[in-house]
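Undergrad: based on what follows, work out the 3D shape:
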Amino acid sequence: MPEIPPEQSHWLKDHSLCIFATGRKDGSPQQSYIGYQFDGSQFLLGGGSTSFKMKNLVRQPRCSLSITDGRGYVVIYGRAELVSDAAEMEKLQARFGPRAAPPRPAGAPAASAPPPRPMGARVNILFTPEKIIANRMTG
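TA: Predicted coordinates for the structure are as follows:
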């Protein structure tokens with residue numbers, strides 16, 4: 001696992017949404033726009049157990065995520081570990097802290113909660129970086 005420089009670590013903690021990319025069975029990319037949590041060395045993401053990204057990760061744990069802000073970006077390549085055990089998921093959430101609400105545009109009124117949708121069982125994705133590319137994080 002590469003050492004993440006303090007400037008990059010701080011930038012990653014200040015953001016919470018990413019493009020998460022996995023590989024489909026035919027080799028083409030599958031991208032998902034999802035929230036993440038970062039503890040300084042690993043990322044915690046999640047989703048439904050029957051989603052395409054979970055099926056892709058079961059077959060191939062190599063994946064990447066990209067966080068952008070204007071012209072600044074951090075792209076991280078690594079491996080995912082799927083965690084579905086409830087006790088282990090609780091430990092991960094305690095380690096990463098409470099999930100923040102999704103970001104909202106400045107001055108936007110709070111939205112009412114969307115109606116629940118059937119998602120099936122939830123799975124955590126513990127993402128471990130192997131290679132990091134960053135540029136223009138200061139503007």
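Undergrad: mind listing the strands for the protein?
TA: Under the criterion DSSP state E, the chain contains strands at 17-23, 29-35, 37-38, 43-48, 62-69, 72-83, 122-135.
Undergrad: need the longest helix for the chain.
TA: helix 86-96 (DSSP state H).
Undergrad: could you list the low-pLDDT ranges of this protein?
TA: Counting by pLDDT under 70, the low-confidence segments of the chain come to 100-105, 110-120, 139.
Undergrad: now do 90
TA: 1-5, 7, 70, 97-121, 136-139 (pLDDT under 90).
Undergrad: what's the closest non-adjacent residue to S84?
TA: V123 (4.9 Å; Cβ to Cβ, 6 or more residues apart in numbering). In short, each C-beta sits where N, CA and C put it, glycine included.
Undergrad: gap between that neighbour and E88?
TA: 11 Å (Cβ to Cβ, to the nearest Å).
Undergrad: which residues touch I34?
TA: The contact partners of I34, by Cβ atoms under 8 Å, 6 or more residues apart in numbering, come to L17, C18, F20, L45, G46, G47.
Undergrad: er, C63 I mean
TA: Counted by Cβ under 8 Å, 6+ apart, C63 has contacts F20, A21, T22, G23, N56, L57, Y77, G78, R79, A80, F127.
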